[in-house]
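> Have a look at this prediction, sequence included:
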Number of protein chains: 4
Amino acid sequence: MQIKKEEKKTRILSAATRLFSERDFQEVSVNDIARIAGVGKGTIYTYFKEKEEILEACVAEIFSDFVDKIRSSYEEAKSLSSFIERVAPRLLENVVVNSRILFMFNRKCHSDRKRYRKVSGEYRKAMAEVFQRYGKEMSCNFETMNAYFTAFLMTSYMVYESVDKEIIEEVLTRGLLCSLRGCGQDKV
Amino acid sequence: MQIKKEEKKTRILSAATRLFSERDFQEVSVNDIARIAGVGKGTIYTYFKEKEEILEACVAEIFSDFVDKIRSSYEEAKSLSSFIERVAPRLLENVVVNSRILFMFNRKCHSDRKRYRKVSGEYRKAMAEVFQRYGKEMSCNFETMNAYFTAFLMTSYMVYESVDKEIIEEVLTRGLLCSLRGCGQDKV
Amino acid sequence: MQIKKEEKKTRILSAATRLFSERDFQEVSVNDIARIAGVGKGTIYTYFKEKEEILEACVAEIFSDFVDKIRSSYEEAKSLSSFIERVAPRLLENVVVNSRILFMFNRKCHSDRKRYRKVSGEYRKAMAEVFQRYGKEMSCNFETMNAYFTAFLMTSYMVYESVDKEIIEEVLTRGLLCSLRGCGQDKV
Amino acid sequence: MQIKKEEKKTRILSAATRLFSERDFQEVSVNDIARIAGVGKGTIYTYFKEKEEILEACVAEIFSDFVDKIRSSYEEAKSLSSFIERVAPRLLENVVVNSRILFMFNRKCHSDRKRYRKVSGEYRKAMAEVFQRYGKEMSCNFETMNAYFTAFLMTSYMVYESVDKEIIEEVLTRGLLCSLRGCGQDKV
DNA sequence: AATGAATGAGTGTTCATTCAT
DNA sequence: TATGAATGAACACTCATTCAT
């Protein structure tokens, strides 16, 4: 029973993640999620109080995945550049599916930052560790570093349909390094 | 009368642009647009076949604005660096308001790229002219150049709230140049 | 247009009054009201903010009707007995349909007396005028007088199906007079 | 085990009675009843075929209580007036809690009188005994007598929040006597 | 051309009831 | 017998779109 119960929740989350990554929050109906998950509409409300909570759960899962990738990357890397080189392709891997949802969530929380912070808390912690470790190689503060990461990841998503994956990886890696270091300053 | 007609359409577009830049597509009702524009709800359907067409028109206007800024910039600039220095602050000017809408539109067109291309066609043409003129100074192809522009512009939008405007402008200008030229490659 | 507009609202109210007098608030769906009124479901929301507002409007209409009957009756009557003799059959006329709805509304407002007072305000005012005029002929205070009126009207409603109309009218008239005056006290 | 079984049913009924006397039928969910009763939601359907049956059982209990009070009252009373004087305060005692439920049930059965008769059968029998005993003191038939009792009890509930308990008792006692006897006839 | 009253398809959510355990 | 997870019909309400004026 316990197993089955968890299985239903998992199926709902998978269906939701898939649908939210394809369409906007409002364009995905609870009916759609139920149909794809293969459960009754009412069942969804056994596991989630409201539609928004489903999105939140999807986002939490994505952040948790990000955190794993960030931690494993900086454990292997001594310098900022080697960290970026490691973490970029790993994040990129799921970025297409995830960025869509993250961006969606980000928009929804624009006027309620607390809610965003709550869900992204662990991610922020991981990023704080990154800043503590490589901050001296950057010419920006913690918040700015976060903004750059977010922005470049989002961008990767935006161009991913028209640009080769290798190019995206290049843009992501160089763009990030360049922005964080303030590199190229002496070159212009 | 002809003038009045155009004036109504303009007022509708202004209202829509303002509202779409504040809220999500679905969160802006046709009623809202009519109210802000100061016209009747039915009037909107005299000028636009459906709600989505309003968004499309907003986006077209934004792209057209971008095109103007790009063209006027490269007409004044002999080198890539001088072009970037001119175009970056001009684009930045409206990027905050516009990116939101562009992003929204991009999302909506994710499964219908043709529609996106149709609206962004003139912008792509202008970018092609840029590539033709300065391409030899770049170490990337056309699509990659586009990706870098998109990336740095989106980044500017996304960090806008947490980073100083001057820093954003600097990062945008230097980051773009650096990435397009491929400078800093040896640094990674 | 003005006429037509009002006509729709009237039809909605009539339909609602009919349905609410047959079934409980929750058992009457907005769909039902729309169907009976012969209008679209959405139209109802052009005239009423929410379902409860429809009920409130029905009740207000009923009270307004009561007030008219009370006022016209005491304008014609010099003594309490002649007032009662006039007002009783008039109130009785609509009491069957109306009492049901009033009772329902009374129930809904049990924990929000302010709302009840708001809608029944004019009725209470009319009753106050009645008390001011005939109070000296009564052996009870204002609230008790109200209670008697309520009691005998409700009684009329409740016995309506099993008792002859003439008997009801008699009981209503004599019972009210008897109770208000305190006559028959010595008989108990 | 037999005891336990009965105990569960009792707990369900107590919970239901409490909840139905506080809120409307539709506003009390089976879940609520289960929670208050401290049993599983499914358990309720072991004892009752459907939600309405729970209400019916509550009503039956209330009627049974009424029957006890009526019987004990007329066993002590020789005349109608002394019966009324005895029974009125006894009935009033629980009328606040019970009337709500009775009225609810009465409404629900408006189009299915058989159902109402079924549940109120024993009460009707007791009232028949009352009529047999004091009928000659009344100027109405059996059905009318019943209607008056019902009506005045309901009314007591309706006014109980705005009127003193003593006044209610007075209105109930006098109103009943007055209506049953047709008293005051010669006084008007 | 301009309007806004009218519409009904569609939404998120609730809840009585079923049924496998 | 007792349970609560699962269900889908039903609900109040919204809103893009139409159309008579």
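Okay, I see it.
> anything in stretch A:34-53 near DNA strand F?
Yes. Legend: contact between stretch A:34-53 and DNA strand F by CB under 7 Å from any atom of the strand is shown at A:39-43, A:45-47. (C-beta placed from N, C-alpha, C; glycine too.)
> can the residues you listed go into CSV with extra columns for pLDDT and distance to chain B?
Supplementary listing: these in CSV, determined by pLDDT from 0 to 100; distance: CB to the nearest CB, whole Å:
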residue, pLDDT, distance to chain B
A:V39, 96, 25
A:G40, 96, 26
A:K41, 97, 21
A:G42, 96, 24
A:T43, 97, 25
A:Y45, 97, 22
A:T46, 96, 27
A:Y47, 96, 25
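> Please, which helix or strand holds A:E56?
Taking DSSP states H and E as the criterion, A:E56 maps to helix A:51-76.
> Any buried residues in the helix or strand just after that helix, and which?
Downstream of helix A:51-76, the first helix or strand assigned by DSSP H and E is helix A:80-108. By neighbour count on 16 or more other CB atoms under 10 Å in any protein chain shown, the buried set for helix A:80-108 is A:80-81, A:83-92, A:95, A:97-108.
> Over to stretch A:170-179?
Applying 16+ other CB under 10 Å to stretch A:170-179 flags A:170-179 as buried.
> who does the lowest-mean-pLDDT helix or strand in chain A touch, helix- and strand-wise?
Across the helices and strands of chain A, mean confidence by mean pLDDT, DSSP states H and E is lowest for helix A:142-159: a mean of 80. Where contact means 3 or more CB pairs under 8 Å, 6 or more residues apart in numbering or on different chains; DSSP states H and E, helix A:142-159 is packed against helix A:80-108, helix A:113-134, helix A:165-181, helix B:142-159.
> Just the residues contacting that helix, thanks.
A:91-92, A:95-96, A:99-100, A:102-103, A:106, A:124, A:127-128, A:130-131, A:135, A:138, A:140, A:168, A:171-172, A:175-176, A:179-180, B:103, B:106, B:146-147, B:150-151, B:154-159, B:162-163, B:167 (CB atoms under 8 Å, 6 or more residues apart in numbering or on different chains).
> relative to helix A:51-76, how tilted is it?
Calculated by axes from the mean of the first three to the mean of the last three CA atoms, to 10 degrees, helix A:142-159 forms an angle of 110 degrees with helix A:51-76.
> what about A:T46, distance to A:I101?
23 Å (CB to CB, to the nearest Å).
> For the helix holding A:E56, which residues meet the burial criterion?
In helix A:51-76, counting by 16+ other CB under 10 Å, buried: A:51, A:54-63, A:65-67, A:69-70, A:73-74.
> right, is that helix up against DNA strand E?
Yes. Legend: contact between helix A:51-76 and DNA strand E by CB under 7 Å from any atom of the strand is shown at A:51-52.
> Can you give me the domain boundaries for chain A?
With automatic domain parsing as the criterion, the domains of chain A are listed as A:1-48, A:52-181.
> Tabulate these (CSV), appending distance to C:N31.
Listed next are the domains of chain A as CSV, based on distance: least, CB to CB, whole Å:
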stretch, distance to C:N31
domain A:1-48, 19
domain A:52-181, 28
